[in-house]
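Peer 1: Test case, fold it:
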Amino acid sequence: MRGVVVYESMFGNTEQVARAIAAGLADANAEAASVDVGHLVADDLVGCDLLVVGAPTHVFSLSRVRTREDAVRQGADPNRARTGVREWLGTLDTAFPHAHDRPPAAVFDTRAHQTRHLPGSASGRTGRVLRARGFSIVDRASFFVLDLKGPLAEGELDRARAWGRSLSDSAGADGAPPQDQRLR
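Peer 2: Next comes the predicted model:
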């Protein structure tokens with residue numbers, strides 16, 4: 001199985017989680033790569049058996065140009081603000097032109113720990129867009145940061161790696177078809 005973890009990260013927290021998820025996939029004997037959405041090229045998705053997409057939650061959803069600009073004003077690297085997952089999702093029909101070529105997908109986000117009980121998240125929006133484009137969503141997770149810029153809450157990287165290990169089973173790597181998960 002080949003898993004590709006596509007992520008957007010403004011302060012580096014979502015990137016750390018993405019790398020931990022890819023390491024977990026590798027622990028489960030999957031070929032795995034994590035790729036920043038701003039550097040992703042079509043060849044990165046060739047042979048993808050599991051697509052994992054993650055982004056930071058900005059205003060209870062995926063980032064927008066304006067929210068990424070706000071993050072830059074707060075110290076984020078301006079190079080990270082160019083392309084977000086929201087814009088990239090609009091290009092997926094090019095990468096996967098036929099519905100039968102679309103691999104199962106998992107979605108994740110990072111968000112402030114104090115908002116964990118509030119509705120709306122980047123992973124929820126990502127999952128809804130992917131499902132509307134014909135992808136089966138096999139799992140969803142949120143990982144928490146202590147403040148806007150981080151750091152990640154204690155234990156989140158271990159939890160992300162464990163989640164990555166579990167995704168190979170969720171994605172049907174054992175030969176069973178993936179089960180689509182309901183998104184809130």
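Peer 1: Below-threshold pLDDT in the chain: ranges please.
Peer 2: 116-117, 172-184 (pLDDT under 70).
Peer 1: ranges for the helices of the protein?
Peer 2: 13-27, 65-73, 85-89, 92-95, 122-132, 156-170 (DSSP state H).
Peer 1: Any idea which of those helices gets closest to Phe144?
Peer 2: With C-beta to C-beta as the measure, helix 156-170 is the member of the helices of the chain nearest Phe144 (6.1 Å). To be clear about C-beta, it is placed using only N, CA and C from the backbone, and glycine gets the same treatment.
Peer 1: just checking, what packs against the closest one?
Peer 2: Other helices and strands packing on helix 156-170, by 3 or more C-beta pairs under 8 Å, 6 or more residues apart in numbering; DSSP states H and E, are strand 2-7, helix 13-27, strand 50-56, strand 105-112, strand 137-145.
Peer 1: switch to 7 Å and redo it
Peer 2: If you count contacts as 3 or more C-beta pairs under 7 Å, 6 or more residues apart in numbering; DSSP states H and E, helix 156-170 packs onto helix 13-27, strand 137-145.
Peer 1: what does the shortest one contact?
Peer 2: The reference is to strand 137-145. Here strand 137-145 makes contact (C-beta atoms under 7 Å, 6 or more residues apart in numbering) with 13, 17, 104-113, 116, 121, 123, 127, 130-131, 151-153, 156, 159-160, 163, 167, 170-171, 178-181, 183.
Peer 1: Report the buried members of the residues you listed.
Peer 2: Taking 16 or more other C-beta atoms under 10 Å as the criterion, what is buried in the contacts of strand 137-145 is 13, 17, 104-112, 121, 123, 127, 130-131, 152-153, 156, 159-160, 163, 167, 170-171, 178, 183.
Peer 1: The residue most central in space within the chain and His100, how far apart?
Peer 2: The residue lying closest to the centre of the chain (C-alpha atoms, centre = their mean) is Gly54, at 1.7 Å. According to C-beta to C-beta, to the nearest Å, Gly54 stands 25 Å off from His100.
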